[in-house]
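Visitor: Provide a 3D model corresponding to the input given below.
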Amino acid sequence: MKQDTQRAPRRRFFKVAALSTVFAGMSGIGLGALARGRGDGHEPFDPARLDEHVDRMLKHMYVEIDATDAQKQKIDPIVKQAAKELQPLRAQVREARREGMQLLSADTIDRGAIERLRVQQIAAADGASKRFTQALTDVAEVLTPEQRKTLAARFAHRRGRGRGAERG
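Guide: Sure, this is the predicted structure:
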């Protein structure tokens, strides 16, 4: 039972850290779209449209928190740079999933290769988490306490919707 309770948070952390971009995590808008592509889970996300996507989400966030022009000028480069740095992780995660399926469906199971893949993916998730946290902290320092509370309330509201999220 303990092993099952440890796997779920790790799996959830990995998905969030590896598949999200900074903005999606910050605003709580569009996380699924960025993780899956455009919406149905099969279309790839177009990296050329990343800035457009981030701009649209930032616009929504700015309205919600009533951001000043000075705040917008500081937040834009923080979020856009982090999103550009994290975006390539999508391809890495997709490739790791493909490699994992090959390893698990092989005639002979190579435990060493599976463990190496797991270690690589945990390291990638840790790196993404660090970059994600850095960007979130950088943005939080630009916002007022009231604006941070507004975003926190939005996160709490969105977390309670769909996917059977825990409430508490």
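
Visitor: Show me which parts of the longest helix belonging to the chain are buried, residue by residue.
Guide: Longest helix in the chain, counting residues (DSSP state H): helix 111-142. Buried residues in helix 111-142, counted by 16 or more other C-beta atoms under 10 Å: Leu117, Gln121, Ala124, Ala125, Ala128, Arg131, Phe132, Ala135, Leu136, Asp138, Val139, Val142. Heads up, the C-betas are built off the backbone N, CA and C, glycines and all.

Visitor: With distance to Arg158 and pLDDT as added columns, please give the residues you listed in a markdown table.
Guide: Output for these, formatted as a markdown table (distance: C-beta to C-beta, whole Å; pLDDT from 0 to 100):
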| residue | distance to Arg158 | pLDDT |
| --- | --- | --- |
| Leu117 | 32 | 95 |
| Gln121 | 26 | 93 |
| Ala124 | 25 | 91 |
| Ala125 | 22 | 92 |
| Ala128 | 20 | 92 |
| Arg131 | 22 | 94 |
| Phe132 | 17 | 92 |
| Ala135 | 19 | 95 |
| Leu136 | 15 | 92 |
| Asp138 | 22 | 96 |
| Val139 | 17 | 95 |
| Val142 | 21 | 96 |
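
Visitor: With respect to Ala67, which of these is nearest?
Guide: Nearest to Ala67 among the buried residues of helix 111-142 is Val142, at 8.7 Å by C-beta to C-beta.

Visitor: Which residue, neighbours along the chain excluded, lies closest to the closest one?
Guide: Lys74 (4.7 Å; C-beta to C-beta, 6 or more residues apart in numbering).
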